[in-house]
Each structure stands twice: as structure tokens, then as C-alpha cells.
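Participant: Just to be clear, the model below is a prediction. Sequence and coordinates:
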Amino acid sequence: MRVMVMVKATKSSEAGEMPSEQLMTEMGKFNEELVNAGIMQAGDGLKPSSEGVRVHFSGTNRTVTDGPFIETKELVAGYWLWNVKSMDEAIEWVKRCPNPMLEDSDIDIRPLYEMEDFAEWDPSGKFSAHEQQLRDTIAMRGSVVNPYLFFGGRCEEALKFYKKTIGAQVGMVLRFSESPDQAPECMLQSGFENKIMHSDFRVGETLVLASDGCDDKSANFDGFRLALTIGSPEDATRCFNALADGGTIDMPIGPTFFSPCYGMLTDKFGVGWMVMVPGEEPAPE
């Protein structure tokens, strides 16, 4: 079951008094225990109501009132969202929590409604399906798509090349011989035991994943290109020429109708690149 655990506001929290270093340390340790136990899904502290607003609904009318709000005992100063087995488990965790305030304080635990609670009211499942669709949409907005390149035995050479040519920052490098789970004999080509099973490198804000694959036939970069966007024509040209060293220039770099500097190449590992400078944004009408 999911529960919201609400830390009620006090005079000190409404006054904006910050917690002590000791309390921050204790709360940090408590949150770490919640995370490690797989219970905590979200949690944050809230600023005083003096920095908030209240919207009152009356029919079609909406009235906005600036804080602060007088009834401190009705306000919330922070919250967690937990996934627990039962209310009893939630209570036991709250009892272990350090006092979150400088004075006496209260923490409320409230179960969240789940869609099964509305089963009798929603016999067709129409509203449940819509809510699930919204949850799926929210979940995917936090997802990331990263390119994963297989170099057929040349991954280490490629990492060094991209580090030199475009300033790639190499992160994790894990070889097949270092893997906790050894690959089946029939899967790994002979001589690949010390090849790179998994690695990553960062170019600007993009994380690229890379591997040697399980054999020398795994390198196949048909059907896509990596688009490298750089701020100036000078830097774009420098990176273009560096990446093209030992490879093939598919379209010389130069001005186009959509970019002041754009070119396409295939590097010596067979990876296709588009190197470009962003074009000017169209003027608003």
C-alpha cells in the first residue's frame, strides 16, 4: 500500500528556521534507510506558507490568497511518499524518525487511494485505464534513450579515439574477464575474454554506451548517425576533421540553408556522424 507521510508545520518551520547540522545528518541517515529498504518513493521539505498561496474554489469562482496562513497546525512542512506492506509497518518506520522539528511535532500517515478502491464505482474500468495511461506517460517522461554502440573488438581503440578527437569523458569500463557472471562459452568468440563487455563515455551532455560485442561481426552501424551539435563553426570544423581522420567524408562541412556549418562523415570504425552548428531560430510572427 502507498501512504503519504506528512510532517505537520510548527512555529519554527513557519518562521523559516533551518534545522541543525545534527538533525540534517540524522534525517539523511533515516532517508537512506528508507531508500535501502525500498520504501521511500519521494520526499521533500516545504517552504513556509508565507511563500505560498491558497486558491479557494466556490462554484466557478477562484480566489487566490497569499500566505502566511494562521492555522499552523493545519499546515504541512514536509512529506514522504512510501510504499509499505501495511499501516503497521508505516507506523513503525515513523516511530524511528528523528523529531523533524525544534519543538514537539506531529507526523500524519494517510493511505493513498488506489484504482481498485474505485472498482465498484468504475465497473467498466474506463477511468482506471485512463489513470494508468497517465501514470505510464509520467513514468516515460523521466526515461532516457542512449545510443549503444558495438565495435566488434575495437571498443578500446574507439574510446581512445573519441577521447582524443572530441574530448569524450570515458566512464565505466568492464571487461568480460571482470564480469561477475561469465558469458557462456558458445556466446563469446575466442580471444574476446579481455575485450570490453560494457563501457560508457560522455560527449557534452550525452551519455553513449559502448561494447566490443561478443564477436568481430557485431559492428554494424547502418541506418543511423550520431548528431553532434557544437556552438561555433570553428569548433564544428575541428571536430569534423578529427572524426573524419581515417574515415570517409560523406558530405563536406559547410553552410546550408538550415545551419551555418554542417557536414556528414563516417569514422574509421564505421560510425556515421552529422556535425553541425545550430541554425538561427525563426523570428516570431
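Facilitator: Great, that's in hand.
Participant: okay, CA-based contacts and neighbour counts for the rest of this
Facilitator: Fine.
Participant: Contacts only, for Gly52.
Facilitator: Listed by C-alpha atoms under 8 Å, 6 or more residues apart in numbering, the contact partners of Gly52 are Asp66, Gly67, Pro68.
Participant: Mind checking which of these are buried?
Facilitator: Applying 16 or more other C-alpha atoms under 10 Å to the contacts of Gly52, the neighbour count classes Pro68 as buried.
Participant: export the contacts of Gly52 to CSV and tack on secondary structure?
Facilitator: Below are the contacts of Gly52 laid out as CSV (DSSP: H, G, I helix; E, B strand; the rest coil):
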residue, secondary structure
Asp66, strand
Gly67, coil
Pro68, coil
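Participant: domain parsing for the chain?
Facilitator: What automatic domain parsing lists as the domains of the chain is 2-53+66-112, 146-220, 221-285.
Participant: average pLDDT for the first one?
Facilitator: For domain 2-53+66-112, the per-residue pLDDT values average out at 94.
Participant: ranges for the helices of the stretch 101-250 of the chain?
Facilitator: Under the criterion DSSP state H, counting those that start in this stretch, the stretch 101-250 of the chain contains helices at 126-141, 155-166, 233-244.
Participant: Could you single out the most deeply buried of the ones you listed?
Facilitator: Ranked by mean neighbour count, the helices of the stretch 101-250 of the chain are led by helix 233-244 with a mean of 19 (mean count of other C-alpha atoms under 10 Å).
Participant: roughly how far out does that helix sit from the chain middle?
Facilitator: Put simply, helix 233-244 sits 30 Å off its chain's centre (C-alpha atoms, centre = their mean, to the nearest Å).
Participant: list the helices and strands it packs on?
Facilitator: Helix 233-244 sits against helix 155-166, strand 262-266, strand 272-276, with contacts defined as 3 or more C-alpha pairs under 8 Å, 6 or more residues apart in numbering; DSSP states H and E.
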